[in-house]
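K.L.:
what shape does this take:
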Amino acid sequence: MVSKFYENELSKEVLGIAFEVHNKLGPGLLENAYNTVLAYKLEKGGSL
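P.N.:
Model prediction:
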């Protein structure tokens, strides 16, 4: 079982990366563009 603390930290990290991707790319792109960059960043753990 995953601890609540770990779930909160993981959620915070994923949301932070998602907001960073949206801020860097801006609005108006197709959802697939955001999904691709978000997946890449989650796999690499780096910044844009």
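K.L.:
every contact and neighbour count from this point should use C-alpha atoms.
P.N.:
Will do.
K.L.:
mind giving me the packing neighbours of the helix or strand bottoming out on mean pLDDT in the chain?
P.N.:
When the helices and strands of the chain are scored by mean pLDDT, DSSP states H and E, helix 4-25 comes last with a mean of 90. Helices and strands touching helix 4-25, as assessed by 3 or more Cα pairs under 8 Å, 6 or more residues apart in numbering; DSSP states H and E, comprise helix 31-44.
K.L.:
and the helix it packs on, how far out from the chain middle?
P.N.:
Its chain's average C-alpha position is 7 Å from that of helix 31-44, according to Cα atoms, centre = their mean, to the nearest Å.
K.L.:
go on, stretch 38-48?
P.N.:
For stretch 38-48, the distance to the chain centre is 7 Å (Cα atoms, centre = their mean).
K.L.:
now stretch 29-44
P.N.:
8 Å.
K.L.:
kindly report the same for stretch 14-25.
P.N.:
For stretch 14-25 - counting by Cα atoms, centre = their mean - the centre lies 6 Å from the chain centre.
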